[in-house]
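Trainee: next comes the sequence, and after it the predicted model I'd like to discuss.
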Amino acid sequence: MAQPPPDVEGDDCLPAYRHLFCPDLLRDKVAFITGGGSGIGFRIAEIFMRHGCHTVIASRSLPRVLTAEAAGLLSASLPGFQAARKLAGATSRRCLPLSMDVRAPPAIMAAVDQALKEFGRIDILINCAAGNFLCPAGALSFNAFKTVMDIDTSGTFNVSRVLYEKFFRDHGGVIVNITATLGNRGQALQVHAGSAKAAVDAMTRHLAVEWGPQNIRVNSLAPGPISGTEGLRRLGGPQASLSTKVTASPLQRLGNKTEIAHSVLYLASPLASYVTGAVLVADGGAWLTFPNDVKGLADFASFSAKL
Ligand code: HXC
Ligand code: NAP
């Protein structure tokens with residue numbers, strides 16, 4: 001069966017949802033999701049919550065909240081509260097939006113403390129925060145390369161390390177790192193993101209080895225091109241989601257956010273209790289056959305950046 005589940009373009013909850021997994025799969029678990037206020041991370045939060053989980057969504061633009069009451073008072077206009085309110089409204093589970101830059105360990109520690117104060121536990125960490133843009137290596141500034149490495153790779157380590165210290169070491173846990181297949185073949189215009197995500201896949205294996213004895217499972221989920229996301233808009237242009245047909249890929253279509261959330265749900269759940277150190281590719285086979293656009297480099301020929 002290869003029919004995709006329904007999805008919606010924007011950062012909105014699904015109008016209807018048919019459970020494929022048991023609805024209680026994550027009952028009363030708590031998931032900490034970086035980048036959970038938008039795109040794939042938002043849908044992961046929603047699908048987890050539809051399976052009984054409470055969530056913390058953490059990114060730069062989400063407001064820090066001091067008390068649950070404050071969330072109610074401030075919710076009207078701020079995007080983080082809007083995302084959390086949509087998620088809680090659609091699922092009747094709790095969602096705490098927190099402001100945090102994955103490059104700033106003190107901010108991560110404060111956010112994790114806040115989450116533990118609110119929920120008393122964290123069972124699952126989803127490292128979904130990332131930054132990306134198209135740029136040829138020859139025009140990429142030192143700081144541009146470093147910025148993407150800092151967000152994607154160091155950010156994943158920083159948040160994992162804090163969660164380990166503050167909860168997982170003593171209680172066990174599950175980590176799913178959202179990566180990509182860009183580095184598998186060396187995608188044009190993507191040396192920064194491809195290198196950063198490949199390093200995260202290596203980190204997945206290292207942490208799985210070191211933290212397995214503490215009952216911590218660590219896996220990667222590598223999506224292909226996914227409709228209704230900032231990632232696709234940045235890499236494929238504003239028109240990219242208009243048609244979901246992709247003839248160059250084995251399943252001949254884009255994926256959707258719900259499909260990615262289902263794969264992440266599997267890895268985070270007890271269904272994957274013996275799975276650790278793995279990279280699950282959910283891309284319709286795209287990386288095997290997708291054209292590598294070396295011609296696209298020419299469009300960037302006149303572009304240069306300061307070093
Ligand atoms: C070249 C660029 C650039 C671009 C920024 N830079 N955008 N270089 N082309 N389009 C350079 C800047 O000039 C600067 O270098 C350095 O990068 C840092 O830029 P800042 O704007 O100061 O960084 P920051 O504010 O930290 O923002 C990070 C960001 C931004 C990555 C640049 O775009 C961001 O916040 N993105 C988050 C959302 C996002 O990217 N979502 C998509 C994820 S999709 P100099 O030298 O000038 O100082 C994804 C898909 C993967 O990851 C796989 C898909 C198949
Ligand atoms: P997105 O909506 O832009 O998601 C990225 C998230 O990361 C945003 O919520 C952003 O929120 C957060 N973020 C960025 N920098 C951060 C920082 N320094 N600290 C904390 N949070 C930060 O894009 P998406 O396309 O859904 O991508 C989600 C994940 O899937 C990423 O890991 C991406 O690499 C991966 N992926 C996507 C595709 C695709 O086709 N879309 C394909 C392969 C892999 P703030 O701006 O509020 O910080």
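Mentor: Noted; the coordinates are in hand. Ligands and ions are numbered 1, 2, ... in the order given.
Trainee: and the helix or strand Ala193 falls within, what's buried?
Mentor: Element membership for Ala193, per DSSP states H and E: helix 191-211. Neighbour-count burial for helix 191-211, counted by 16 or more other C-beta atoms under 10 Å, picks out 191-201, 203-205, 207-208, 211. Yep, even glycine has a C-beta here, placed from its N, CA and C like the rest.
Trainee: show me what that helix is packed up against.
Mentor: Judged by 3 or more C-beta pairs under 8 Å, 6 or more residues apart in numbering; DSSP states H and E, helix 191-211 is in contact with helix 142-148, helix 155-163, strand 173-178, helix 182-185, strand 216-223.
Trainee: just confirm Ile126 is within a strand.
Mentor: Yes. Secondary structure assignment (DSSP: H, G, I helix; E, B strand; the rest coil) places Ile126 inside a strand.
Trainee: pretty sure it sits against Gly36.
Mentor: Yes. Counting by C-beta atoms under 8 Å, Ile126 does reach Gly36; the two are 7.3 Å apart.
Trainee: overlap in contacts of the two?
Mentor: Counting by C-beta atoms under 8 Å, 6 or more residues apart in numbering, the shared contacts of Ile126 and Gly36 are Ile44.
Trainee: which of those two has more residues huddled nearby?
Mentor: A direct count of neighbours by other C-beta atoms under 10 Å for Ile126 and Gly36 places Gly36 higher, at 32 against 29.
Trainee: ok, the more buried one - contacts?
Mentor: Counted by C-beta under 8 Å, 6+ apart, Gly36 has contacts Phe42, Ile44, Ala45, Thr55, Val56, Ile57, Ala58, Ser59, Ala83, Ile126, Cys128.
Trainee: stretch 136-152 and ligand 2 in contact?
Mentor: Yes. Using C-beta under 6 Å from any ligand atom, stretch 136-152 reaches ligand 2 at Ile151.
Trainee: that stretch: end-to-end distance?
Mentor: Using C-alpha to C-alpha, to the nearest Å, the end-to-end distance of stretch 136-152 comes to 18 Å.
Trainee: now it, how far from the centre of its chain.
Mentor: How far stretch 136-152 lies from its chain's middle: 20 Å, per C-alpha atoms, centre = their mean, to the nearest Å.
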